[in-house]
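**Student:** Need the 3D shape of this:
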Amino acid sequence: MNFPFINLKAQYHAYKTEIDKAIFDVLESSSFIGGKVLDDFERNLASFVGVKHAIGCSSGTSSLLLALLALDIKKGDEVIVPSFTFVATAEMVSLIGAKPIFADISLDDYNINVDTVKNLVNDKTKAIIAVSIFGQMPDLLALREFCKSNNIHLIEDAAQSFGAKQNGLKSCSISEISCTSFFPSKPLGAYGDAGAIFTNDDELASKIRIYLNHGQTKRYKHSLIGFNGRLDSIQAAVLNVKLKYLEEEILKRDEIAKIYNENLNKTKLILPKIKDGFTSVWAQYSVRVKDRSSVIKKLDELGIPSAIHYPLGLHLQEAYLDLGYKKGSLVNTELVSEEILSLPMSAFLTKEEQESVIKAFE
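**Tutor:** The predicted structure follows:
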């Protein structure tokens, strides 16, 4: 049985009429950058999350850069980031000349936690980027209090958790600034690169809008050194359609995760856990397994797709060897990197497809 890891084609066909019309309307308007479509999408995003400002941008990566620029993170500053994440989280810290300080993760949810960062804070620490991994947030409320008491900024990297909740508060609504990605495979995915940044702070929102449009305050008037971080209208139009169905898709993802949990709990797999008071959007359904290579081989032979998120912690990547981390520096990250395996997950995973995955582990 062969089927996709994430069935984006099935999702497109479910909303095809609306998506095609939304794209056609942009083409007819010939307003491809900015304009009403983007304004509507940003307003709907802000309402969905429950914040004052939602600002569309070109990618999740650019949203991180915008957050760091808006908070005036500079060369010589230190920013604490988890090692168990996609490289973009640390990459943008390095790009602006600051130093990423890698933190280990909890084995409960694979997220950074307050205890992880306590001994990493010093006079150079200016921010913590808390990645919400696999669809579930870390304890952002506790991290927010910790950051406030230490006079440092908290940025949520919500590339995998848009729509998740902690104590009823949605991802992207808790931190001073939050960033997300609308990469096509995300729970809310565009048809290309796209992202957004969220804040309740008027001044930060104003700076972000200036930075993402080449530092312009008016046409050809540049108050800051910015870059092109704009979200185009076609992506905004597609996302605006899909946003209407996100809550429904999250419920479907949760149902699929429960079926996985109920049927895989007697296997040798270490299953994902959801903390009390938290919800997950199940960006991935990721298990841990001791003999990962042989499991992947078996799944491949059965035509079942899988993925590894992430096979090597950032602290051991070649690009960061100059920071001096060694094997054994971050033991939880290294353990999880060796064992983690993501199984097929989307709101459009069929019953038959999921049954074939479960049967492979019997």
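**Student:** Can you check the pLDDT for the spatially most central residue of the chain?
**Tutor:** Nearest to the geometric centre of the chain sits Ala159, at 1.3 Å (C-alpha atoms, centre = their mean). Ala159 is assigned a pLDDT of 98 by the prediction.
**Student:** For Leu271, give its distance to Ser346.
**Tutor:** Using C-beta to C-beta, to the nearest Å, Leu271 is found at 18 Å from Ser346. Where you see a C-beta, it was placed from the backbone N, CA and C, and this is true even at glycine.
**Student:** neighbour-wise, which of those two wins?
**Tutor:** Ser346 (24 against 14; other C-beta atoms under 10 Å).
**Student:** List the contacts of the closest residue to that one other than its chain neighbours.
**Tutor:** Closest residue to Ser346 in three dimensions, ignoring its sequence neighbours and counting by C-beta to C-beta, 6 or more residues apart in numbering: Ile6, at 4.6 Å. Residues near Ile6 by C-beta atoms under 8 Å, 6 or more residues apart in numbering: 185, 344-346.
**Student:** Among those residues, which lie within strands?
**Tutor:** Judged by DSSP state E, strands contain none of those.
**Student:** Including pLDDT and distance to Glu91, could those residues go into JSON lines?
**Tutor:** Converted to JSON lines, those look like this (pLDDT from 0 to 100; distance: C-beta to C-beta, whole Å):
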{"residue": "Ser185", "pLDDT": "97", "distance to Glu91": "19"}
{"residue": "Pro344", "pLDDT": "98", "distance to Glu91": "28"}
{"residue": "Met345", "pLDDT": "98", "distance to Glu91": "26"}
{"residue": "Ser346", "pLDDT": "97", "distance to Glu91": "27"}
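**Student:** now those residues in JSON lines, with distance to Asn119?
**Tutor:** Listed next are the contacts of Ile6 as JSON lines, based on distance: C-beta to C-beta, whole Å:
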{"residue": "Ser185", "distance to Asn119": "35"}
{"residue": "Pro344", "distance to Asn119": "39"}
{"residue": "Met345", "distance to Asn119": "35"}
{"residue": "Ser346", "distance to Asn119": "39"}
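**Student:** Before we go further, Gly79 is sitting in a helix, right?
**Tutor:** One correction, residue 79 is Val, not Gly. No. Per DSSP: H, G, I helix; E, B strand; the rest coil, Val79 lies outside any helix segment and is strand.
**Student:** okay but it is in contact with Ile96, surely?
**Tutor:** No. Assessed by C-beta atoms under 8 Å, Val79 is found out of contact with Ile96, at 9.3 Å.
**Student:** So which of those two has more stuff around it?
**Tutor:** Using other C-beta under 10 Å as the criterion, Val79 and Ile96 rank with Val79 on top: 26 against 14.
**Student:** hmm, back to that, quick one: which of the contacts of Ile6 is nearest Asn167?
**Tutor:** Met345 (24.6 Å; C-beta to C-beta).
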